[in-house]
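Q: sequence and computational prediction follow.
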Amino acid sequence: MELHMHSHRWEHRLPDWAAAAVGGFVAGAVVMVLELIWSSLVLGTDQWSTSHMVAAIVMGRDTLQSSGFDVAIVATALVTHYVLGIIFALVLAAIIAPFHFDSSAGMLTLVGAIFGLVLYLFNFYGMVNVFPWFVEMRGWAALATHLIFGIVAALMYHQLERRGAAQ
């Protein structure tokens, strides 16, 4: 029986950027569905309020004054959400690849969860200085969705990653 020891020291190894982008897109979709379900079924609030907050990043604070479904607001929120999800997944892949954190599903889950936690802190305690309307979303539900985002993005990256292929 051969024992494989995986070193997590830095090594010049580029991520599979396409796999990371798709992983971020998928993780963003999972989070978006969870947020819609959570807001409408559990909180009993307007399921489009999160879309208005996300769209306000691009469209400005006036977007927060309206409510309900609006095609332009929802489309802007979708694009913004997916672009941010892809960017964050690219950052995650840039951490995973050179340190060989893709050596096991357990390691990927841990790294993804830690990344999700850091992302939650960045978004809800850093970026709220620029976008203060997100303060009201702080809490365990937002933390859970960020943890899920990190884990799904990391695991999807691993599933889609072309190992040993020229990148």
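A: Okay, I see it.
Q: all contacts plus neighbour counts: C-alpha atoms, from now on.
A: OK.
Q: can you map out the helices along the protein?
A: 17-37, 49-59, 71-96, 105-125, 140-160 (DSSP state H).
Q: which of the ones you listed is buried the deepest?
A: Of the helices of the chain, the one with the most neighbours on average (mean count of other Cα atoms under 10 Å) is helix 140-160, at a mean of 23.
Q: extract the C-alpha trace of it and format it as CSV.
A: Output in CSV follows, covering the C-alpha atoms of helix 140-160 (Å, rounded to 0.1, in the frame of the first residue of the first chain):
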residue,chain,number,x,y,z
TRP,A,140,-26.5,33.6,10.1
ALA,A,141,-28.5,33.2,6.9
ALA,A,142,-26.1,35.4,4.9
LEU,A,143,-23.2,33.6,6.6
ALA,A,144,-24.6,30.2,5.6
THR,A,145,-25.1,31.2,2.0
HIS,A,146,-21.5,32.5,1.8
LEU,A,147,-20.2,29.3,3.3
ILE,A,148,-22.3,27.3,0.8
PHE,A,149,-21.0,29.5,-2.0
GLY,A,150,-17.3,28.9,-1.1
ILE,A,151,-17.9,25.1,-0.7
VAL,A,152,-19.8,24.7,-4.0
ALA,A,153,-17.4,26.9,-5.9
ALA,A,154,-14.4,24.9,-4.6
LEU,A,155,-16.0,21.5,-5.3
MET,A,156,-17.3,22.5,-8.7
TYR,A,157,-13.8,23.8,-9.6
HIS,A,158,-12.4,20.4,-8.6
GLN,A,159,-15.0,18.5,-10.7
LEU,A,160,-14.4,20.7,-13.8
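Q: mean pLDDT and distance to F131 for the helices of the chain - can I get that in CSV?
A: Conversion of the helices of the chain to CSV gives the following (pLDDT from 0 to 100; distance: least, Cα to Cα, whole Å):
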stretch, mean pLDDT, distance to F131
helix 17-37, 94, 19
helix 49-59, 92, 7
helix 71-96, 96, 14
helix 105-125, 97, 9
helix 140-160, 96, 16
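Q: save the ones you listed as JSON lines, and put in distance to Q65 too.
A: Listed next are those as JSON lines, based on distance: least, Cα to Cα, whole Å:
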{"stretch": "helix 17-37", "distance to Q65": "19"}
{"stretch": "helix 49-59", "distance to Q65": "9"}
{"stretch": "helix 71-96", "distance to Q65": "12"}
{"stretch": "helix 105-125", "distance to Q65": "21"}
{"stretch": "helix 140-160", "distance to Q65": "22"}
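Q: for these, which one sits closest to P132?
A: Of all those, it is helix 105-125 that lies closest to P132, at 8.9 Å by Cα to Cα.
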